[in-house]
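1. fold the following, please.
(one chain, ligands or ions: 1)
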Amino acid sequence: MFVKVFEGLYGFIWEDYSQNNCNTYFIDSYKKVLIDPGHAHLFGHVERGLATLGITPRGIDIVLATHGHPDHIESVLLFKEPTKFTMDRKEYDYIIDLAGGYYKIPEPDFFLQPGELIFGDDRFEVIETPGHTPGSVCLYWPSNKALFTGDLVFQQGIGRTDLPGGSGPELKKSIEKIMNLDADYILSGHGGIVAGKEAVRENFRIIRDQWFRYL
Ligand SMILES: [Zn+2]
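-> Sure, this is the predicted structure:
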């Protein structure tokens with residue numbers, strides 16, 4: 001149901017493709033951070049997993065969304081104080097403009113800014129990576145060489161650019177921005193985890209060779 005990726009990181013990897021839901025990641029470090037909690041009606045699998053780790057939803061300090069699609073973000077509605085919610089401002093405005101009438105997401109407690117993001121003694125880097133949506137971000141955790149990519153890149157694949165606000169050229173530029181980071185893990189929004197420095201390099205090689213010509 002969930003895997004320990006390394007000390008301080010758990011992945012809830014969604015394997016049932018009949019349900020459109022995303023992978024969720026739980027950072028259990030100076031702050032307890034849940035990345036992309038997924039669809040609300042499918043949140044039970046995350047909640048049960050967290051319970052086995054002794055964590056309730058109230059014990060989550062921060063819910064962070066890589067972008068605003070419902071299969072990544074809808075469960076944020078299940079969280080209340082003291083949990084804080086954060087996402088990119090451009091992405092939030094975009095989603096509210098596009099679908100605010102019928103698709104509810106709470107206003108973030110704070111917005112992600114490109115650059116350094118400090119949670120306790122953990123230093124992350126927020127990287128703006130538009131293309132799948134206009135305000136998609138990746139989160140890089142240099143001390144663990146972990147790269148959370150949302151729907152920018154997957155194991156042997158790339159995010160869709162045919163949805164509203166998508167752009168192939170932007171997606172390509174965004175991939176070029178992250179492909180040379182020193183990463184041992186690609187933790188994507190769908191599909192399997194890519195683990196190991198060489199596997200990460202090979203994954204970006206495959207993406208460049210097989211997908212760049214279409215972008
Ligand atoms: Zn998406």
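2. so what touches the lengthiest strand in the chain?
-> If you go by DSSP state E, the chain has its longest strand at strand 122-128. Contact with strand 122-128 is made by 27, 29-31, 88, 112-118, 135-143, 174, 177-178, as judged by C-beta atoms under 8 Å, 6 or more residues apart in numbering. Just so you know, the C-beta spots here come from the backbone N, C-alpha and C atoms, and that holds for glycine as well.
3. which members of those occur in strands, if any?
-> Applying DSSP E to the contacts of strand 122-128, the entries found in strands are 27, 88, 112, 115-118, 137-141.
4. what kind of secondary structure is His72 in?
-> Of the three states, His72 takes helix according to DSSP: H, G, I helix; E, B strand; the rest coil.
5. test my guess that it contacts Gly159.
-> No: the criterion here is C-beta atoms under 8 Å, and His72 misses it with Gly159 at 11.3 Å.
6. overlap in contacts, these two.
-> The contact lists of His72 and Gly159 share 150-151, 189, where a contact means C-beta under 8 Å, 6+ apart.
7. for the protein, what lies in contact range of the ion?
-> With C-beta under 5 Å from the ion as the criterion, the chain meets the ion at residues 69, 151.
8. so which residue is smack in the middle of the chain?
-> In the chain, the centroid-proximal residue (C-alpha atoms, centre = their mean) is Gly150; its distance is 3.6 Å.
9. what's near enough to touch the residue lying closest to that residue once chain neighbours are set aside?
-> Closest residue to Gly150 apart from its sequence neighbours, by C-beta to C-beta, 6 or more residues apart in numbering: Thr66 at 2.9 Å. When contacts are counted by C-beta under 8 Å, 6+ apart, Thr66 touches 35-36, 72, 87, 136-139, 148-151, 189.
10. let's see 7 Å
-> For Thr66, the contact set (C-beta atoms under 7 Å, 6 or more residues apart in numbering) comprises 35-36, 72, 136-137, 148, 150, 189.
11. which helix runs longest in this protein?
-> Longest helix in the chain, counting residues (DSSP state H): helix 197-211.
12. other SSEs contacting it?
-> For helix 197-211, there is no helix or strand it packs on, judged by 3 or more C-beta pairs under 7 Å, 6 or more residues apart in numbering; DSSP states H and E.
13. now do it: distance to the chain's middle.
-> 19 Å (C-alpha atoms, centre = their mean, to the nearest Å).
14. ok, back up a step: who wins for neighbours among the ones in strands among the contacts of strand 122-128?
-> The most neighbours of any of the ones in strands among the contacts of strand 122-128, using other C-beta atoms under 10 Å, belong to Val137, which has 29 neighbours.
15. apart from its neighbours in sequence, what residue is nearest Thr56?
-> The shortest distance from Thr56 to any non-neighbouring residue, by C-beta to C-beta, 6+ apart, is to Leu50 (7.1 Å).
16. roughly how far does the most far-flung residue of the chain relative to its centre sit from Lys172?
-> Taking C-alpha atoms, centre = their mean as the measure, the residue most remote from the mean C-alpha position of the chain is Arg213, 25.2 Å away. Taking C-beta to C-beta, to the nearest Å as the measure, Arg213 falls 10 Å from Lys172.
17. low-confidence ranges in this structure?
-> Residue ranges of the chain with pLDDT under 70: 17.
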